[in-house]
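S.K.: Need the 3D shape of this:
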Amino acid sequence: MLDKLVSMKFNWDTQGYYARAAFRVELDATIKDAWAVVSTFYNATDPAVAYKYQPELDNVKAALRQIALRPAGQSPEEVRKLNQAGKEINVYSPTLGYSIKQSRHISCGYAFGDPGEFNDHRALTRTEELTQDDQITKYRDRLYNGDIWEDLKLAGLDAGDPYSDAVYKHMFNQVGIGFRQALQRNVLFNKSFQIIGQSYESWVRGLRPDKSIVSKKVMEYYANTLDIEIWGHFYWFDRR
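M.R.: Residues are numbered from 1 along each chain as shown. Alright, predicted model coming up:
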């Protein structure tokens with residue numbers, strides 16, 4: 001029950017790690033202390049009467065076993081170490097409703113990770129991958145101390161300095177978090193209606209540090225010339 005309550009407060013599971021861990025430590029200590037009091041009062045460690053209290057002792061052991069079988073999960077420090085080393089992570093967001101394998105700061109290159117998906121036309125219609133405004137609004141409402149950077153730090157998802165490259169800062173005026181909004185394929189025809197080229201455009205819905213939500217076109221990819229234009233400077237979550 002406490003785990004469910006914690007998931008309703010934070011944007012990322014890792015943010016609730018310390019609350020979950022502390023609760024488990026408290027449960028463990030309370031059960032052991034209670035058994036110590038009961039066993040002392042009834043002298044339950046005396047071999048002559050210990051058998052009478054064996055069922056209670058078995059219940060105590062079972063309860064402690066159940067706590068051990070339900071760990072508190074990953075700590076923010078563990079996730080940060082893996083993420084900053086470029087290794088895959090698995091962090092679930094109860095707010096957004098999906099897990100991510102990487103948190104990263106984008107200032108150049110492919111905005112959405114795998115360039116192969118731009119050659120996969122099915123990717124352009126996978127609407128389940130789009131993040132809706134109500135999800136972003138909920139994410140904003142749950143920000144730790146109302147600050148997007150403090151929220152990422154608390155989750156162990158901060159990755160690098162978002163202000164390290166001034167060239168790309170104009171995207172949101174200030175660096176924000178980008179959520180996938182849309183992908184669009186444009187087909188170019190000649191006068192004979194023959195396909196002469198294709199281009200792909202990408203938009204994100206951005207959450208800025210001032211908590212405003214804005215839409216921006218962030219990338220244009222010309223498949224026939226392999227030219228890529230990037231207007232991105234934001235934090236991005238690669239989904240699992």
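
S.K.: now the strands for the chain?
M.R.: Assigned by DSSP state E, the chain shows strands spanning 91-93, 98-106, 176-189, 195-207, 213-222, 227-230, 234-239.

S.K.: List the buried residues in the fourth one.
M.R.: Of all the residues in strand 195-207, those buried under the rule 16 or more other C-beta atoms under 10 Å are 198-200, 202-207. C-betas here are computed from N, CA, C, even on glycine.

S.K.: Just checking: what are the partner strands of it?
M.R.: For strand 195-207, the paired strands and their directions (DSSP bridges) read strand 176-189 (antiparallel), strand 213-222 (antiparallel).

S.K.: Keeping just the C-alphas, turn the shortest one into PDB.
M.R.: This points to strand 213-222. C-alpha atoms of strand 213-222 as PDB (Å, rounded to 0.1, in the frame of the first residue of the first chain):
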ATOM      1  CA  ILE A 213       4.300  23.700 -22.400                       C
ATOM      2  CA  VAL A 214       5.200  24.500 -26.000                       C
ATOM      3  CA  SER A 215       5.400  22.700 -29.400                       C
ATOM      4  CA  LYS A 216       8.500  22.900 -31.500                       C
ATOM      5  CA  LYS A 217       9.700  21.300 -34.700                       C
ATOM      6  CA  VAL A 218      13.000  19.900 -33.800                       C
ATOM      7  CA  MET A 219      14.300  17.900 -36.800                       C
ATOM      8  CA  GLU A 220      14.100  17.600 -40.500                       C
ATOM      9  CA  TYR A 221      15.600  14.600 -42.300                       C
ATOM     10  CA  TYR A 222      15.900  14.500 -46.100                       C
END
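
S.K.: mean confidence for stretch 98-110?
M.R.: Stretch 98-110 shows a mean pLDDT of 78.

S.K.: The lengthiest helix in the chain - what's its average pLDDT?
M.R.: Determined from DSSP state H, the single longest helix within the chain is helix 17-41. Helix 17-41 carries an average pLDDT of 94.

S.K.: can you list contacts of it?
M.R.: 2-3, 6, 44-45, 53, 56-57, 60, 63-64, 67, 70-76 (C-beta atoms under 8 Å, 6 or more residues apart in numbering).

S.K.: Quick one, which of those residues are buried?
M.R.: Here, 16+ other C-beta under 10 Å leaves 6, 44, 53, 57, 60, 63, 72-74, 76 buried among these.

S.K.: circling back to that earlier point, for the longest helix of the chain, buried residues please.
M.R.: 17, 19-20, 23-24, 27, 31, 35, 39.

S.K.: Now render the residues you listed as CSV, adding distance to D238.
M.R.: Converted to CSV, these look like this (distance: C-beta to C-beta, whole Å):
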residue, distance to D238
Y17, 21
A19, 27
R20, 25
F23, 31
R24, 30
L27, 35
I31, 41
W35, 47
S39, 52
